[in-house]
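Peer 1: Fold the following for me, if possible:
(chains A, B, C, D, E and F)
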Protein chains: 4
Amino acid sequence: MTKDIFQHPDPESLPRRDEIVARTFELVRERGFAGLRMRQIAEKVGVTEGALYRHFPSKEAILLALVDRMEARLLAPVRQLAARTDLSAEEKLQQVLQHHLRTVVASQSLPILLISEVSFSEHEALRARMRQLITAYLGTLEGIAGQLGPGGEFDPREIAVLLLGLPAAVAITQRLLPDAELAGRLTGPVASKLVHLILSR
Amino acid sequence: MTKDIFQHPDPESLPRRDEIVARTFELVRERGFAGLRMRQIAEKVGVTEGALYRHFPSKEAILLALVDRMEARLLAPVRQLAARTDLSAEEKLQQVLQHHLRTVVASQSLPILLISEVSFSEHEALRARMRQLITAYLGTLEGIAGQLGPGGEFDPREIAVLLLGLPAAVAITQRLLPDAELAGRLTGPVASKLVHLILSR
Amino acid sequence: MTKDIFQHPDPESLPRRDEIVARTFELVRERGFAGLRMRQIAEKVGVTEGALYRHFPSKEAILLALVDRMEARLLAPVRQLAARTDLSAEEKLQQVLQHHLRTVVASQSLPILLISEVSFSEHEALRARMRQLITAYLGTLEGIAGQLGPGGEFDPREIAVLLLGLPAAVAITQRLLPDAELAGRLTGPVASKLVHLILSR
Amino acid sequence: MTKDIFQHPDPESLPRRDEIVARTFELVRERGFAGLRMRQIAEKVGVTEGALYRHFPSKEAILLALVDRMEARLLAPVRQLAARTDLSAEEKLQQVLQHHLRTVVASQSLPILLISEVSFSEHEALRARMRQLITAYLGTLEGIAGQLGPGGEFDPREIAVLLLGLPAAVAITQRLLPDAELAGRLTGPVASKLVHLILSR
DNA sequence: TATGAATGAGACTTCATTCAT
DNA sequence: CATGAATGAAGTCTCATTCAT
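Peer 2: A predicted model of the protein is given here:
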């Protein structure tokens, strides 16, 4: 069903650099950014801490690579959707939201929560990178919404933010109060109806 | 306008315990939970670190007191609204959302982001406390939505989560991409229209 | 039976200074010297920590007063025994040992263990005081043994040390491996027979 | 003479873990358990405090390793003695006591005093470990005494405790009132005669 | 490339003591 | 006399990073 788009291939076959990022992702998925330790990464990869510095100059560099990875897996599919000509704007937004919600569920709510967490981080470069990511995401949504034509209740920018709301709410509630049945409804029919309502004109 | 409901009275007049929580709040507002240091609190209060331990047994205790404070300022007004009999269910939900959104803007997006952050925290007591807070918040919204009567697109639980979405989205975007003009629209007419759409039957 | 010679009178009627020492004794009896905290003393006395400094200039001063108290309760009776003329030397040593053993049992093995503990203490004054106490104790025993006349297996000094051995061994074993029945035998018939054997000539 | 059985080989050749324990032993020998600081250990080993944590997870772990070492050096020889078939029970007990007394003198009275000190410690694991050690020690002595056959003044358990008394008394007096000449007599002829008296039947 | 040991800064916390009230 | 707040030094422990091998 909802395939984990954040899955990674066989560890053995990965170049070390990628493996480090992949393992870091698993850790961040479970424990967030703030609790991440170089030691944990090293353990999970199966090397010593010193070895990590052969591949990345610092912890921050690993985290930046992690955000690159998130962007690739989260944003790229959205951009592809946006570029398609065989779908209406509403269909595109429906699919974007579905994609985002599936991601939220599959990755245990990660990306949206990470954005919150990083917003407080002391790593300036990391904050900037996240700002860039969310700017691109909202911009893409806004672009699609702009193709809808005039007459709706909300302008394109507002639509983009509103569409961010559902994944965010789902992430927060599922993280703290897991409820698979409710999650199913929210990511399926509820999301679908919400998009329709928001776009109705 | 949007008064900062998290503001605190004159520092001089506060018992130390309250002052510590108030100053901690200011720090957390700026830097979040993970980056909070006892040293910073002590500096901001104007004492040494050891002095803090005359008033709280641990850092975690300060954080729990902080969540108490958040609950008092965020949840109490919502509960009062819910209890009023001179408002329709839709009017109540409109005001709850307005209140929440004002809080988000006034406190620089704090509460909702903190919930995200805490969801990863190693402080088990803190996670439990936050879970309690969000459970109560959603429960109150669900209770109001239950008074709407049948026939709408969404059931009460779904409505509660959907109404959480807007403050969450506003918090995230405003934190990373501040835009006062957009924030004004989102917390005003956009919120109002969204509630109406969601409740329409 | 074995009355607790370290008991203290009604707290209410004690001048503060004495009460502080008495309460400190209770704490030391349970937890030893190293774990003693001014806060615990204050709590047990029912005052604040600052108040203790009205009566003693420092923690070390309290401990020295405590050793004075131990000396009064432990050593004074022994000296009185030594001075009696109606008892033979063996009878005196029998009673001294009985007294010491009863003390060990009644005070939960305290004095002898405290001597061990203090021997490592950083409080030079305290170590000196304990040295003085044990010197006086051994000296008194030696004095009595000197009245035995020649011909035994051991000289007076050796007898004094040997008689210290039983209370020490009882203290250590009872503290770590409490065994009331064994303790009863050791403090009664075993002690009696041991003295007789040591003094036999 | 009385060789220091607690001596350690050339520091340079020791794996760090063992070296840390050896250096800790030297410190504890001088200052006891309660006054031991991680800083002191680090200084003596010649590293920073943090480095110690690569080899032991906590201070308590170092102390437990220290007790292991004490057990190996104190208890193991006693057990070997107990197992010999070429010695009578009395000869075995004579040698055990000699061994223990030599240890007391060589190590500056350490083990027996440490047992006293630890009996008050807050480290539950450490207390349990010491309890185990003394149980084993007394048990071994009791076992040998059991081979004596009936008819003596004391039963095996009593003999075990009585034999613990001399090293304890020697430790206390030598620690506070060093007297090499007396110590020599106590560990030599006095001990020998005492064992004979206690076992006489 | 990788290891294992180490560093140095800094985290939270404890505690005897001081002092204004 | 007593309180309550505060200090300052010190304690154990953590962690990103460095470096010789």
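Peer 1: Buried residues in stretch A:51-66, which are they?
Peer 2: For stretch A:51-66, a neighbour-count test (16 or more other CB atoms under 10 Å in any protein chain shown) marks A:52, A:55, A:56, A:59, A:62, A:63, A:64, A:65, A:66 as buried. For glycine as for every other residue, the C-beta is placed from the backbone atoms N, C-alpha and C.
Peer 1: State the distance from the fifth one to DNA strand E.
Peer 2: Going back to what we said before, that points to residue A:62. Computed as CB to the nearest atom of the strand, to the nearest Å, the residue A:62 to DNA strand E distance reads 14 Å.
Peer 1: residues in contact with the closest residue to residue A:70 other than its chain neighbours?
Peer 2: Nearest in space to residue A:70, with sequence neighbours left out and distances taken as CB to CB, 6 or more residues apart in numbering or on different chains, is residue A:111 at 5.9 Å. The neighbourhood of residue A:111, defined by CB atoms under 8 Å, 6 or more residues apart in numbering or on different chains, consists of A:70, A:74, A:103, A:104.
Peer 1: Go again with 10 Å.
Peer 2: The contact partners of residue A:111, by CB atoms under 10 Å, 6 or more residues apart in numbering or on different chains, come to A:6, A:29, A:67, A:70-71, A:73-75, A:100, A:103-104, A:130, A:133-134, A:137, A:167, A:171.
Peer 1: and if you look at residue A:55?
Peer 2: Residues counted as contacts of residue A:55 (CB under 10 Å, 6+ apart) are A:15, A:16, A:17, A:18, A:19, A:20, A:21, A:45, A:47, A:61, A:62, A:65.
Peer 1: immediately after the host helix or strand of residue A:19, which helix or strand?
Peer 2: Take DSSP states H and E as the rule and residue A:19 turns out to sit in helix A:16-31. Along the chain past helix A:16-31, the next helix or strand (assigned with DSSP H and E) turns out to be helix A:38-45.
Peer 1: if you look at that next one, does any of it touch chain B?
Peer 2: No - with CB under 10 Å from any CB of the partner chain as the threshold, helix A:38-45 lies outside contact range of chain B, at a closest distance of 12.5 Å.
Peer 1: pLDDT check: weakest of the contacts of residue A:55?
Peer 2: Across those, the member with the lowest pLDDT is residue A:15, scoring 83.
Peer 1: Name the helix or strand of chain A that has the lowest mean pLDDT.
Peer 2: For chain A, scoring each helix and strand by mean pLDDT, DSSP states H and E identifies helix A:110-118 as the least confident one, at a mean of 82.
Peer 1: how distant is the helix or strand just after that helix from the center of its chain?
Peer 2: Scanning forward in sequence from helix A:110-118 by DSSP H and E, the next helix or strand is helix A:124-146. Taking CA atoms, centre = their mean, to the nearest Å, one finds helix A:124-146 lying 11 Å from the centre of the chain it belongs to.
Peer 1: quick one: contacts for the most far-flung residue of chain A relative to its centre?
Peer 2: Among the C-alpha atoms of chain A, the one farthest from their average position, using CA atoms, centre = their mean, is that of residue A:151, at 30.7 Å. Shown in contact with residue A:151 (CB under 10 Å, 6+ apart): A:200, A:201.
Peer 1: mind checking the SS state of it?
Peer 2: Three-state assignment for residue A:151 (DSSP: H, G, I helix; E, B strand; the rest coil): coil.
Peer 1: Determine the set of other helices and strands touching the helix or strand harbouring residue A:99.
Peer 2: Element membership for residue A:99 (DSSP H and E) is helix A:89-106. Under the contact criterion of 3 or more CB pairs under 10 Å, 6 or more residues apart in numbering or on different chains; DSSP states H and E, the helices and strands touching helix A:89-106 comprise helix A:59-83, helix A:110-118, helix A:124-146, helix A:156-176, helix A:180-185, helix A:191-199.
Peer 1: Any chance of these in a markdown table with distance to residue C:93 as columns?
Peer 2: Conversion of those to a markdown table gives the following (distance: least, CB to CB, whole Å):
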| stretch | distance to residue C:93 |
| --- | --- |
| helix A:59-83 | 72 |
| helix A:110-118 | 76 |
| helix A:124-146 | 80 |
| helix A:156-176 | 74 |
| helix A:180-185 | 81 |
| helix A:191-199 | 93 |
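Peer 1: circling back: can you give me how far the least confident helix or strand of chain A is from the chain middle?
Peer 2: Between the centre of helix A:110-118 and the centre of its chain there are 8 Å (CA atoms, centre = their mean).
Peer 1: so where's chain A shaky on pLDDT?
Peer 2: Across chain A, the ranges flagged by pLDDT under 70 are A:1-14.
Peer 1: what residues does it put near DNA strand E?
Peer 2: With CB under 7 Å from any atom of the strand as the criterion, chain A meets DNA strand E at residues A:16, A:47, A:48, A:49, A:50, A:51, A:54, A:55.
Peer 1: which ones among those residues are found in helices?
Peer 2: A:16, A:49, A:50, A:51, A:54, A:55 (DSSP state H).
Peer 1: Not including adjacent chain positions, what is the nearest residue to the second one?
Peer 2: Put plainly, it is residue A:49. Closest residue in space to residue A:49, ignoring its immediate chain neighbours: residue A:42 at 4.5 Å, by CB to CB, 6+ apart.
Peer 1: which residues does the one you found contact?
Peer 2: Residue A:42 makes contact with A:20, A:23, A:48, A:49, A:50, A:51, A:52, according to CB under 10 Å, 6+ apart.
Peer 1: Distance-wise, check it relative to residue A:19.
Peer 2: Remark: distance between residue A:42 and residue A:19 (CB to CB, to the nearest Å) = 12 Å.
Peer 1: Also residue A:70?
Peer 2: Distance of residue A:70 to residue A:19, given as CB to CB: 17 Å.
Peer 1: How about residue A:79?
Peer 2: Residue A:79 sits 26 Å away from residue A:19, taking CB to CB as the criterion.
Peer 1: Give me the more crowded residue out of the two.
Peer 2: Looking at residue A:79 and residue A:19 with other CB atoms under 10 Å in any protein chain shown, you find the greater number of neighbours at residue A:19, namely 21 against 13.
Peer 1: is it true that that one touches residue A:56?
Peer 2: No - here residue A:19 lies out of contact with residue A:56, judged by CB atoms under 10 Å, at a distance of 11.9 Å.
Peer 1: Turn the contacts of residue A:55 into JSON lines, columns for distance to residue B:92.
Peer 2: Written out in JSON lines, the entries for the contacts of residue A:55 read as follows (distance: CB to CB, whole Å):
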{"residue": "A:15", "distance to residue B:92": "57"}
{"residue": "A:16", "distance to residue B:92": "57"}
{"residue": "A:17", "distance to residue B:92": "54"}
{"residue": "A:18", "distance to residue B:92": "52"}
{"residue": "A:19", "distance to residue B:92": "52"}
{"residue": "A:20", "distance to residue B:92": "51"}
{"residue": "A:21", "distance to residue B:92": "47"}
{"residue": "A:45", "distance to residue B:92": "52"}
{"residue": "A:47", "distance to residue B:92": "57"}
{"residue": "A:61", "distance to residue B:92": "50"}
{"residue": "A:62", "distance to residue B:92": "47"}
{"residue": "A:65", "distance to residue B:92": "47"}
